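> Only the shape, not the letters, is given here:
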Ligand code: ARG
């Protein structure tokens, strides 16, 4: 069979090598339901403008829905001669309806059809990812209850810095994921624009009504320039970027928990159902799930690079290069969906190793900054206080003790007026309690944030 896209102008069928080189059915079949939606809307519009009779439009809709059922039942054979999902569905329609089916492609081209179908697919996929992000946020917020009394060392440069509440940690991830969700919402605005009806490149002389199809398909608006929109894949790029930032966030979290799972940290226990073993070392309980979340980031960011390169230097308007956009974006969505699906139960099922964490909190002078600020609040200039506390840390290091274990005389060497009150900012509990600034890890600040998050996430 030769491709229906080859008109009477050709004097030879496509070479088989060309058919297999140019086909996209092997990956765009997953657009089937969106293609059918788009075609039903197009048929309804063609009826509105008198190209199809009411009976013809109904026949087309009914047959398209039957084709959908067949595809979903696995009763669907592909043929590379038909190139893509759009041609396959149209061919099945024509098989059933003959000339009525042959009318469907009036006033549209595969160029706007591909773009429309992909926009519909991406819109649904973004909504799914948003829901999965919400689930993950909920897992983090739910941890705050169990972990409410746990203090963790906060790190900068992966060196101990200041104490933080575990809840503060979990909410930090919620914030990152919330920005991802905001990016999805913003990206969705540009995805949700109708390209249907711009036809191949310049529009059509058929008196179509693009507003009708846009409305039927739930688009928020209609793209205004046929040249622009038939070449536009910004929505694909943006989606890949949104997915890349999600992957980057997940990979940071995964890396952190991989570290925490080492014997050196030993901060976290992962449920054994979510760990893997070694075929040679019987003692191993490995965090492969976290490693793969980190690893899949490479694929997602790789897809973004792929898309940027596919689009670079493309002249207006449709070029066949654009067909390559689908495998890249599908892969990125699949990877992120898989990561988010497994991340939420993993976050919910992990448990902090409280004793181990608590026992380590005296190391690293996590209270040095609050002690410095105590001096500042008593009138010592910051630079002076910074220097003084640094030398006190050196003394404590020398004696191998925590700041709170130093005798009062050591503090009085810094400021003769200091009294026992100084111990009130030492130790991680006191240091945490000393924080007051908005957004800090102070318990009342964090409690207010937990309340706000619960409300936001419907918990
Ligand atoms: N299979 C192609 C794609 O997915 C269809 C493009 C049709 N347009 C064209 N001018 N050949 O992009």
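Arrived safely, thanks for sending. The shown structure was predicted, so the numbers you read here are calculated from the model rather than taken from an experiment.
> and the stretch 251-400 of the chain, which residues reach the ligand?
Within the stretch 251-400 of the chain, the positions adjacent to the ligand are 318, 320, 322-323 by Cβ under 6 Å from any ligand atom. To be clear about C-beta, it is placed using only N, CA and C from the backbone, and glycine gets the same treatment.
> what about burial for those residues, which qualify?
318, 322-323 (16 or more other Cβ atoms under 10 Å).
> can you map out the strands along the stretch 201-350 of the chain?
Using DSSP state E, counting those that start in this stretch, the strands of the stretch 201-350 of the chain run over 221-222, 268-269.
> Looking at these, which is nearest to residue 409?
strand 268-269 (40.2 Å; Cβ to Cβ).
> partners of that closest one, with directions?
Pairing partners of strand 268-269, with direction, according to DSSP bridges: strand 351-352 (antiparallel).
> re earlier: give me whichever of the strands of the stretch 201-350 of the chain is most buried.
Comparing these by mean neighbour count (mean count of other Cβ atoms under 10 Å), strand 268-269 ranks first with a mean of 18.
> Now residue 162. Its backbone dihedrals?
Phi and psi for residue 162, reported as degrees, to the nearest 10, are phi -140, psi 150.
> For it, give me its contacts.
154, 366, 369-370, 431, 441 (Cβ atoms under 8 Å, 6 or more residues apart in numbering).
> So which of these belong to helices?
Among the contacts of residue 162, the ones falling in helices (DSSP state H) are 369-370, 431.
> list the buried ones in whichever helix in the chain runs longest?
As assigned by DSSP H, the longest helix anywhere in the chain is helix 110-146. Within helix 110-146, the residues that count as buried by 16+ other Cβ under 10 Å are 110-123, 125-126, 129-130, 132-144.
> Going by distance to the ligand, which of the ones in helices among the contacts of residue 162 wins?
Comparing the ones in helices among the contacts of residue 162 against the ligand with Cβ to the nearest ligand atom places residue 369 closest, at 57.1 Å.
> thinking again about what came up before, let me have the strands of the stretch 201-350 of the chain in TSV, extended by mean pLDDT and distance to residue 331.
Below are the strands of the stretch 201-350 of the chain laid out as TSV (pLDDT from 0 to 100; distance: least, Cβ to Cβ, whole Å):
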stretch	mean pLDDT	distance to residue 331
strand 221-222	98	29
strand 268-269	98	30
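> who in the stretch 1-150 of the chain is up against the ligand?
Applying Cβ under 6 Å from any ligand atom, we find that the stretch 1-150 of the chain lies next to the ligand at 24, 28, 83-84, 110-111, 114.
> So residue 444 versus the ligand, what's the distance?
Per Cβ to the nearest ligand atom, to the nearest Å, residue 444 is found 56 Å from the ligand.
> quick one: contacts for the residue nearest to residue 363 when sequence neighbours are not counted?
Nearest in space to residue 363, with sequence neighbours left out and distances taken as Cβ to Cβ, 6 or more residues apart in numbering, is residue 160 at 6.8 Å. Each residue near residue 160 by Cβ under 8 Å, 6+ apart is listed here: 153-154, 363-366.
> Kindly recompute the last result at 10 Å.
Taking Cβ atoms under 10 Å, 6 or more residues apart in numbering, we find residue 160 in contact with 153-154, 360-361, 363-366, 368.
> Which parts of the stretch 301-450 of the chain are helices?
Using DSSP state H, counting those that start in this stretch, the helices of the stretch 301-450 of the chain run over 325-349, 354-360, 368-377, 382-399, 408-412, 428-434, 443-456.
> buried ones in the third one?
If you call a residue buried by 16+ other Cβ under 10 Å, then helix 368-377 has these buried ones: 368-375.
> That one packs against which elements?
Applying 3 or more Cβ pairs under 10 Å, 6 or more residues apart in numbering; DSSP states H and E, one finds that helix 368-377 contacts strand 159-165, helix 382-399, helix 408-412, helix 428-434.
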